[in-house]
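Fold the following for me, if possible:
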Amino acid sequence: MIEELRGRAVESPNSRRVSNLFTTRAVGFWEGCDIAKDRRAFEQANIPSRLQDLSLKFWILLVLVGGAAGLGALLMMGILHEAQHLAFHYQSGPFSVAVAHRSDARRLGVLVVDGAVTGGGLYLMQRFFGGTGGEPTAVVWTESGRLSLLRTLLSGALTEITVGFGASLGREAAPQHVGAAWADFVARVTHLPRHQRTLLVACGAGAGLGAVYNVPLAGAAFALELYLGTISIPLVVPAILASAVATGVSWLALPNRATYLVPPLGDPTLLIMVMAVVWGPLMGLLSAAYVHFIAWANDHRPRAIALAVEPVVLFFGLGLVAMKYPLVLGNGSDLAQFAFTGSGGIVSLAALAVLKPAATVGSLRSGASGGLFTPTLSFGAVMGALMGHIWIQLVPASWSPAYAVVGAAAMLAAAMEAPLTAVLFVWELTRTIDAMMVPLLVAVVGATLVAQHLDLRSIYSARLPLENRANEHHQETRL
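Down below sits the predicted model:
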């Protein structure tokens, strides 16, 4: 029986990107034991291999990577806070309030400086270092390439400065990349086998994301669903451990509380269930358009000397918009909170629903680096709030934060192509969605199905170089 099992590969049916990471082997401790003769030990679909296939060296490195990802999150958030303070005298509380308290001239001047610093920094990195540290998703999905720890740290610091000065991009990209780059570095130094190195890089990326937002479970799911594309025990346990260690370390300075304060959600009504059925596909349609523009912006990023000029021009335009709508600046967390609490009317929400994604696409088109998680979440939240205000004008219903929460989850799920991770993110970020879980799941499914039908790319694969994206599209089409 052992010989029959040795070398047999069992791939999880939902695996899209990672195959044969492990092989099923009944060896080591199980040799000679009665359990090795019991076929039931190998029949469960989510156990393609034993945890014993992962070496002791891997587990030690995993804990170190988790700790380093947490410290990386602390470092990057420290840089972000200092940049925000320098730009707008920000201390604590909503960033948009500090922006709103500054004069129009100050906002415009800060954004112009932001463009100059971002463009100059990227140009210097391209000329003297050969670019940024690399894209972790490409390393994991292709099981090839490498990440530069030094360049990742430098580009991460530049990213946080860019976001801190007002660029409409996410703060989570730098901690995510630092966690992945550190994992790649220690895996290569210690000569970890390739499949374990791939797993370690994915866990490092998820740990960095989990630490910066205080979402350890969602961080683990991010590594599994988005990076590895499959869920099984030998992948789940390392991902959870790394994310938990990183999040625990981040508590040394980062808050251990919900990111968003959402008013209590009542029990779902029939009208909210109908809303979820209707809004899900609509969010999927908007998500597909959003991802299309993200891909366009990424493909038309400036090159050579234009890299030092175009950010100034585009950020100047962003500064003009910020004179009237300061909520478009930054990663979008304040905008999401604005939507969750039902602030603003139809006109202001409609304007923000257009301006925020446009600002994000423009920031990315300028050549700036940054995340897309929170900008996407805030886009979905403000669209949900807008549709909620329209909805209550058409039907006998009252305002509920559920409109914005459901919209945020649906948009995030469709744009990320990771529905489970999106639900966990919204759950951990708000800690109040339990009552609305059913309509939220309905909307997430509808949005994901429509988005998948219209465009197989996600906000992450759309940012890959065209050759990597072609391979990704080919794999998706085959499946």
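
From now on I want contacts and neighbour counts done on CA atoms only, so please keep to that.
Noted.

Now do the strands in the stretch 251-400 of the chain.
Using DSSP state E, counting those that start in this stretch, no strands are found in the stretch 251-400 of the chain.

Off-centre distance for stretch 291-306?
19 Å (C-alpha atoms, centre = their mean, to the nearest Å).

ok, now stretch 270-281?
26 Å.

do the same with stretch 66-85
16 Å.

got it, and stretch 185-193?
The answer for stretch 185-193 is 25 Å, by C-alpha atoms, centre = their mean.

now the end-to-end length of that stretch.
In stretch 185-193, first residue to last residue: 13 Å (C-alpha to C-alpha, to the nearest Å).

Show me which residues of that stretch are buried.
Phe185, Val186, Ala187, Leu192 (16 or more other C-alpha atoms under 10 Å).

show me what contacts the spatially most central residue of the chain?
The chain has Phe373 as the residue nearest its centroid, 4.2 Å off, counting by C-alpha atoms, centre = their mean. Residues in contact with Phe373 (C-alpha atoms under 8 Å, 6 or more residues apart in numbering) are Gly170, Glu172, Leu412.

One more: Tyr325?
Leu352.

how about a cut-off of 10 Å?
Tyr325 makes contacts with Ser96, Val99, Ala100, Leu318, Gly319, Ser348, Ala351, Leu352, Leu355, Lys356, as judged by C-alpha atoms under 10 Å, 6 or more residues apart in numbering.

low-confidence ranges in the stretch 1-150 of the chain?
1-50 (pLDDT under 70).

what about 90?
1-55, 92-93, 125-135, 137-139, 141-146 (pLDDT under 90).

any chance you could map the helices in it?
2-5, 56-88, 95-100, 104-128, 136-142, 149-164 (DSSP state H, counting those that start in this stretch).

May I see the buried residues of the last one?
Looking back up the chat, that one is helix 149-164. Buried, per 16+ other C-alpha under 10 Å, within helix 149-164: 149, 151-164.

now, which of the residues you listed sits nearest Arg107?
Proximity of the buried residues of helix 149-164 to Arg107 (C-alpha to C-alpha) peaks at Gly164, which lies at 12.3 Å.

just checking, the closest one touches Ala98?
No - using C-alpha atoms under 10 Å, Gly164 is not in contact with Ala98; the gap is 11.8 Å.

So for these two, which residues contact both of them?
Here Gly164 and Ala98 have Gln84, His85, Ala87, Phe88, Tyr90 as joint contacts, going by C-alpha under 10 Å, 6+ apart.

Is it possible to get JSON lines of these that adds distance to Val442?
Shown next, in JSON lines, are the shared contacts of Gly164 and Ala98 (distance: C-alpha to C-alpha, whole Å):
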{"residue": "Gln84", "distance to Val442": "38"}
{"residue": "His85", "distance to Val442": "41"}
{"residue": "Ala87", "distance to Val442": "42"}
{"residue": "Phe88", "distance to Val442": "41"}
{"residue": "Tyr90", "distance to Val442": "39"}
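
Buried subset of those, written for PyMOL?
The command below creates a PyMOL selection of those among the shared contacts of Gly164 and Ala98 that count as buried (16+ other C-alpha under 10 Å):
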select buried, resi 84+85+87+88+90
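
Tell me which two in the shared contacts of Gly164 and Ala98 are the farthest apart.
Spanning the widest gap among the shared contacts of Gly164 and Ala98 are Ala87 and Tyr90, at 7.7 Å by C-alpha to C-alpha.

So for the two, which residues contact both of them?
His81, Ala98, Val99, Gly164.

Look up how far Ser378 lies from the spatially closest residue to the third one that is not a sequence neighbour.
Nearest non-adjacent residue to Val99, counting by C-alpha to C-alpha, 6 or more residues apart in numbering: Phe88, 5.9 Å away. Between Phe88 and Ser378 the distance is 22 Å, computed by C-alpha to C-alpha.

ok, Gly330 - how many residues close by?
28 (other C-alpha atoms under 10 Å).

I misspoke; the intended subject was Leu75.
So Leu75, with other C-alpha under 10 Å, has 18 neighbours.

That one reaches Ala157, doesn't it?
Yes - if you go by C-alpha under 10 Å, Leu75 and Ala157 touch, sitting 8.7 Å apart.

if I look at those two, which residues touch both of them?
Counting by C-alpha under 10 Å, 6+ apart, the residues touching both Leu75 and Ala157 are Ala174, Pro175.

Against Thr448, how distant is the residue nearest to Asp267 when sequence neighbours are not counted?
Leaving aside its sequence neighbours, Asp267 sits nearest to Ala435 (C-alpha to C-alpha, 6+ apart; 5.6 Å). Noted for Ala435: a distance of 22 Å to Thr448, by C-alpha to C-alpha.

and the closest residue to Val113 other than its chain neighbours, what does it touch?
Distances taken as C-alpha to C-alpha, 6+ apart put Val312 closest to Val113, at 7.5 Å, once the chain neighbours are dropped. By C-alpha under 10 Å, 6+ apart, Val312 lies in contact with Leu111, Val112, Val113, Asp114, Gly115, Ala116, Val117, Thr118, Gly119, Gly120, Leu318, Ser366.

repeat that with 7 Å
Val312 makes contact with Val112, Gly115, Ala116 under the criterion C-alpha atoms under 7 Å, 6 or more residues apart in numbering.

Read off the pLDDT value for it.
Per-residue pLDDT puts Val312 at 94.

try the one 4 residues further on
With respect to pLDDT, Phe316 scores 96.

Same check on Thr259?
With respect to pLDDT, Thr259 scores 92.

List the contacts of it.
Thr259 neighbours (C-alpha under 7 Å, 6+ apart): Leu429, Thr430.

please begin residue numbering at 479 from this point
New numbering, starting at 479: the last item is Thr737.

List phi and psi for it.
phi -70, psi -40 (degrees, to the nearest 10).

how about low-confidence regions in the stretch 729-878 of the chain?
For the stretch 729-878 of the chain, the stretches flagged by pLDDT under 90 are 741-750, 753, 781-786, 820-823, 869-878.

wait, which of the contacts of Val790 is closest to Ala782?
Checking the contacts of Val790 against Ala782 with C-alpha to C-alpha, the nearest one is Ala594 at 14.6 Å.
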